[in-house]
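Undergrad: Take a look and give me a structure for this.
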Amino acid sequence: MINISKVILLPVALLVIFFQPLLSVKASDDAQAEQIIQDYIDYLELDIQPGTLDYKIFLRNVFWGNYPDLTGTDSVFLTNPAEIDYIVNYAWKYSGYQEIYNSYNLSDVNIGEAQSVPNQSLSQETDIMFSPSEGRAQAISYAYQWSASGLAIRNPAYPDFELVDCTNFISQAMIAGRFLERGSGDGCKYEDTITEWYVEPNPSPSIFCLGDNRDWEWSTSWSLVDPFRYYFAYENHYAISHGWTTSASLAKYYLSPGDVVQIQYDDNDTWVGFHTMIVTSEDATDLYMTYHSNADGLDEVDRPLSSITLQANWRFVLVEIRYPWQVFLPAIFSIGVQTDAIQLSNPYPVPLEHQPPSESPYPSPP
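TA: Model (predicted):
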C-alpha cells in the first residue's frame, strides 16, 4: 500500500533541495551588501543603526546613487562590479520601497518602449484636442507653490506621506489642473483601487483604524506611482502613457511642462514604480522636474531630467497629461439673438485651500 505522506513529502523535499542553493546565494548577496554598506557607514563615522529610519533614508540615498564613492565604478569599497547590483538590490529591499510597493498586487501593464519616431497622426490629433490650457498652467503653478529645493513644503489641506509623498503631491497638482476626484473612502486610510481617485478627511476614524494618517482616506491611485498611471492612462483617457525610455532627450521629444515622468525599478523581473515627478519647465534640450520626496524626503524644484542618473535597472515612464478643456460655446436666447462667445463655468474647480501665486511662474497661453 502506498504511503500517501511519503508521496507528498518527496516532491516537497526535492523542491527544497533544488531551491536551497538559490536561497543561499540570495542570502549571501544580501549579507555581502550589508557588510559593504556597514563598512562605508563606519568609514563616514556615522551613527546609523540597521532598521532605523535614518538607516532607511541612508539606503534610499544609496539607491538613488547619491554616494558615488560607494557605488561608482571607481569605488574602493567594491572588489568586483557585481557587488554594485548586490548593494542596489539590498538598498531597494531595506529602504522601505519594496515593502510599500509590493503590498499592492497590481501587475504592470506592458507599456512598451517609447519609440524614437512617434506616431505623427496621433501626435497631431492630441495636439488639436488637448492643447495647453489654464489647467496645465495651474498644475505647474501649484507645483512651484508647494515645493522648495532642500525643504519639505506641504499643503496642510492634504495628508503628508513624508518619505513617499511624491505621487500624493502630483495628484494635488492634478486637482489644481482641474481634474475631478472620483470615489470616496471605505472607512480607514487607503482603498486599494485603480477605478477611483480621491483623498478626503476622516475626522472620526474607527478605533480599529490605526497608524499614520488615520485622519485621512484615499485611493491607492492617489498616492502610488503605478496605480496613478493606471487610473489616468488606462482606466480613463486623462493621459497617454508613451512607454518607457532611459533617454532624457527622448522624454523631451514627447513631453511638455505639465506632463509627468515616473521612474520604475526592475524588482526580480517585475517593473514597479517608485517615483513620480511633474515637468515644470523646459528648454531646447531638457525637461525640468519638480517633485517631493527625494531620497532624503525633501523637495526638488526644476531639476534637469538629464541630471537624474539612472541606476541599475531603472527606467523613465513618460505620461502625457490631457488636461480638461476650457469650453467655449455661444449663448443662444429664445428670440434668436446670439451673443459673443462666453466661457462656461469650469467643471474642475481648484480647491478653496489652493491660492495660486499672484504672478504664475508659467503663465497661461494668450
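Undergrad: For the stretch 251-366 of the chain, just list every one of the strands.
TA: With DSSP state E, counting those that start in this stretch as the criterion, the stretch 251-366 of the chain has strands at 260-267, 270-282, 287-291, 300-304, 314-321, 328-329, 342-343.
Undergrad: Show the average pLDDT along the third one.
TA: Yep, that's strand 287-291 we're talking about. What strand 287-291 shows for mean pLDDT is 98.
Undergrad: Can you list the strands that that strand pairs with?
TA: strand 270-282 (antiparallel), strand 300-304 (antiparallel) (DSSP bridges).
Undergrad: what angle do the first one and strand 314-321 make?
TA: If I follow you right, that is strand 270-282. 60 degrees (axes from the mean of the first three to the mean of the last three Cα atoms, to 10 degrees).
Undergrad: quick one: the one helix or strand Ala137 maps to to chain centroid distance?
TA: For Ala137, the host element (DSSP states H and E) is helix 134-145. Between the centre of helix 134-145 and the centre of its chain there are 18 Å (Cα atoms, centre = their mean, to the nearest Å).
Undergrad: Could you list every helix and strand in contact with it?
TA: helix 166-176, strand 270-282 (3 or more Cβ pairs under 8 Å, 6 or more residues apart in numbering; DSSP states H and E). (Each C-beta comes from the backbone N, C-alpha and C, glycine too.)
Undergrad: most neighbours per residue, which of the ones you listed?
TA: helix 166-176 (a mean of 26; mean count of other Cβ atoms under 10 Å).
Undergrad: What average pLDDT does it get?
TA: Taken as a whole, helix 166-176 carries a mean pLDDT of 97.
Undergrad: and the following helix or strand past that helix, which strands flank it?
TA: Under the assignment DSSP H and E, the closest C-terminal helix or strand after helix 166-176 is strand 189-191. Sheet pairing for strand 189-191, assigned by DSSP bridges, gives strand 216-219 (parallel).
Undergrad: and the strand it pairs with, how far out from the chain's middle?
TA: 17 Å.
Undergrad: Tell me which residues are up against it.
TA: 159, 168, 183-191, 193-194, 196-202, 227, 231 (Cβ atoms under 8 Å, 6 or more residues apart in numbering).
Undergrad: switch the cut-off to 10 Å
TA: With Cβ atoms under 10 Å, 6 or more residues apart in numbering as the test, strand 216-219 has contacts from 158-161, 168, 171, 181-203, 205, 209, 222-224, 227-228, 231.
Undergrad: list the buried ones in whichever strand or helix holds Glu83?
TA: Using DSSP H and E, Glu83 sits in helix 82-94. Buried residues in helix 82-94, defined by neighbour count with 16 or more other Cβ atoms under 10 Å: 83-84, 86-94.
Undergrad: counting contacts, what elements does it pack onto?
TA: helix 4-44, helix 53-63, helix 68-71, helix 97-101, strand 260-267 (3 or more Cβ pairs under 10 Å, 6 or more residues apart in numbering; DSSP states H and E).
Undergrad: Same question for the third one: list its buried residues.
TA: Meaning helix 68-71. For helix 68-71, by 16+ other Cβ under 10 Å, it's 70-71.
Undergrad: other SSEs contacting that helix?
TA: If you count contacts as 3+ Cβ pairs under 10 Å, 6+ apart, helix 68-71 packs onto helix 4-44, helix 53-63, helix 82-94.
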